[in-house]
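Participant: model the structure of this input:
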Amino acid sequence: MASASFCCVNDSVHIVLFNGPVHDKIRTIPDLIGGKMNMTHMHITSWVIALILVFVAYGLYSSGNSKGAKITHMILRLFYIIVIITGAQLFLKFTAWNGEYIAKALLGLITIGFMEMLLIRRKNGKAATGIWIGFIVVLLLTVVLGLRLPLGFKVF
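Facilitator: Numbering: from 1, shown residues only. Next up is the predicted model:
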């Protein structure tokens, strides 16, 4: 008969499965649901989905489908929260912060602000050219700085 217990190792929850007197196996919860996903992956996945939802909602507002745009916009707002929570967990993971971490966090919040401003201006029928330029510049700065930091992928 197998028994299980929970333990925490390196900021992640593990389930220890005991299948006999000497055989034990440690698996993380994401492993049990089919894949390995750490906080960095969750953060990247959530902001990629948020970017897709911004373009979908913008397109729906542009085409006049206000009901679909409103639903997509509300789902996007949920993803804003997920992006902020996962980003905050990554930010708090380190004890020695420097200016780059703080700048990345601020740029991320500004990017989310630009996303919301884009959709609100489109919804109200106002011009959004300046917002688009600001959004693209801040988004690129955020992504480049995020990739440069130690938790990012080694592109640079």
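Participant: now the helices: where do they sit in this protein?
Facilitator: Along the chain, the segments classed as helices by DSSP state H run 29-32, 39-63, 66-92, 99-123, 129-148.
Participant: would you turn the ones you listed into CSV with mean pLDDT?
Facilitator: Shown next, in CSV, are the helices of the chain (pLDDT from 0 to 100):
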stretch, mean pLDDT
helix 29-32, 44
helix 39-63, 92
helix 66-92, 92
helix 99-123, 93
helix 129-148, 92
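Participant: can you list those in TSV and add mean neighbour count?
Facilitator: Placement of C-beta: from N, CA and C, glycine included. Converted to TSV, those look like this (neighbours: other CB atoms under 10 Å):
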stretch	mean neighbour count
helix 29-32	12
helix 39-63	17
helix 66-92	16
helix 99-123	18
helix 129-148	16
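Participant: ok, A103 touching L145?
Facilitator: Yes - counting by CB atoms under 8 Å, A103 touches L145, with 6.4 Å between them.
Participant: can you list the domains in this protein?
Facilitator: 3-32, 39-148 (automatic domain parsing).
Participant: what about the last one, how long is it end to end?
Facilitator: Right, domain 39-148. The straight-line separation of the ends of domain 39-148 (CA to CA, to the nearest Å) is 17 Å.
Participant: what lies in contact with stretch 67-75?
Facilitator: For stretch 67-75, contacts defined as CB atoms under 8 Å, 6 or more residues apart in numbering pick out L53, V56, A57, L60, Y61, L119, K123.
Participant: now do that stretch: distance to the chain's middle.
Facilitator: Remark: stretch 67-75 is offset 19 Å from the chain centroid, using CA atoms, centre = their mean, to the nearest Å.
Participant: for the contacts of stretch 67-75, which one is nearest F79?
Facilitator: L53 (6.2 Å; CB to CB).
Participant: tell me the contacts of the closest residue in space to that closest one that isn't next to it in sequence?
Facilitator: Closest residue to L53 apart from its sequence neighbours, by CB to CB, 6 or more residues apart in numbering: L76 at 4.1 Å. By CB under 8 Å, 6+ apart, the contact list for L76 reads A50, L53, V54, A57, M115, L119.
Participant: kindly report the same for I110.
Facilitator: Going by CB under 8 Å, 6+ apart, I110 touches V138, T142.
Participant: one more time with 7 Å
Facilitator: I110 makes contact with V138 under the criterion CB atoms under 7 Å, 6 or more residues apart in numbering.
Participant: now the one 5 residues further on
Facilitator: When contacts are counted by CB under 7 Å, 6+ apart, M115 is found next to A50, V54, F135.
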